[in-house]
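Asker: could you work out the structure for the sequence below:
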Amino acid sequence: MTAPTVGALRDVAPSPVVRRRRWRERGLALALLLPSIVAFGTWVYYPFARTIWLGLFRTSPFGNRTTYVGLEQYRDVLTSSDFHNSLWVTLLFTLMTVPVGLALGLGLAVLAHQRLAGIGAYRTIFSSTVATSVAVASLMFIALLSPSVGLINQIIKGMGREPVYFLERPGWALIAIAAVTVWQNLGVTFIVISAGLQSVPDDLYESARLDGAGAWSRFVDITLPLLSPTLLFGFVVLTITSFQTFGQVDLLTNGGPLDATNLIVFSIYTEGFRNFNPGVAAAQAVVLFLIVLALSVVQLKVLERRVFYG
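Answerer: Model (predicted):
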């Protein structure tokens, strides 16, 4: 007696019981997925498609969609000097915030991973910024950086120097915004890297100590390789967050002085809600989406080769 071939088995029609069970499973799967499909469609995919469509139209000074211009508006945005300035400022801002935020989060997480008395209190302090809103963080830094009563300028005056107008000088304003952002993101970075450190086996550190490896050697040869997936995740998330920064710019500098802090998202807000030009704002938003998507793909493709997954 010969065994049935695979092709013969495929040709066997399922029984009515099997077919009814499959339809019930498909119906159950659709019912479970339907709320998520509706939510994503309503608040993600429809607004995204609407934004792309809106970017194809010129708008009147009153904000009404008037003339279909196709991709010409996207070309105008890409060749606009104002958009180039916003893109350049955003890139500088990203270079200021991402490496510094990741390095500070890594350093604090490694320190908090030590088995010392009272280390739980330090962990709570380091992670507390995750519960701080953009408005609260901005108000704290306004108080710190004020040229008349701010703590930092009081220290500068105590050293016999003139006060620094951090939020009014083009050379300092972006640095001040970056400092607020690094401080606010520090809690998330600290928590994510601390969670990654929990997965590093202590046996590896003990073996390295027995072999005579110092603290720096253990950090470079054990901690960093095993933390590389977490660091890659933090790097990508911080980069996306920096391209989406808005609140601290709106509250602290309003995009100034002289457009020195006019990040892309603030530029989109200005075009859409102050200049009443939603077509240009939509085109800028689509370009921002493509930039962030391209950066994320490049980061994952390039840096993932250096990630050690154990």
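
Asker: what are the structural domain limits within the protein?
Answerer: 16-55, 81-305 (the TED database).

Asker: can you give me the helices in the stretch 201-310 of the chain?
Answerer: Along the stretch 201-310 of the chain, the stretches classed as helices by DSSP state H, counting those that start in this stretch are 202-210, 215-218, 224-243, 247-252, 264-269, 278-303.

Asker: what is the mean pLDDT for the third one?
Answerer: Okay, so that is helix 224-243. Averaged over helix 224-243, pLDDT sits at 92.

Asker: what's the answer for the second one, then?
Answerer: Helix 215-218 shows a mean pLDDT of 89 in the predicted model.

Asker: can you tell me which of the domains of the chain is most buried?
Answerer: Highest mean neighbour count of these: domain 81-305, a mean of 17 (counted as mean count of other Cβ atoms under 10 Å). To be clear about C-beta, it is placed using only N, CA and C from the backbone, and glycine gets the same treatment.

Asker: which residue is nearest the centroid of this structure?
Answerer: Among the residues of the chain, the smallest C-alpha distance to the mean C-alpha position (Cα atoms, centre = their mean) belongs to T241, namely 2.3 Å.

Asker: correct me if wrong: that residue contacts N185.
Answerer: Yes: with contacts defined as Cβ atoms under 8 Å, T241 counts as touching N185 at a distance of 6.5 Å.

Asker: off-centre distance for the top helix by length along the chain?
Answerer: Ranked by residue count and defined by DSSP state H, the top helix of the chain is helix 81-112. Relative to the mean C-alpha coordinate of its chain, helix 81-112 is positioned 10 Å out (Cα atoms, centre = their mean, to the nearest Å).

Asker: which elements pack onto it?
Answerer: The criterion is 3 or more Cβ pairs under 8 Å, 6 or more residues apart in numbering; DSSP states H and E, and the helices and strands that helix 81-112 contacts are helix 119-127, helix 170-198, helix 224-243, helix 264-269, helix 278-303.

Asker: any idea which of the ones you listed has the lowest pLDDT on average?
Answerer: Of all the helices and strands packed on helix 81-112, the minimum mean pLDDT falls on helix 119-127 (a mean of 79).
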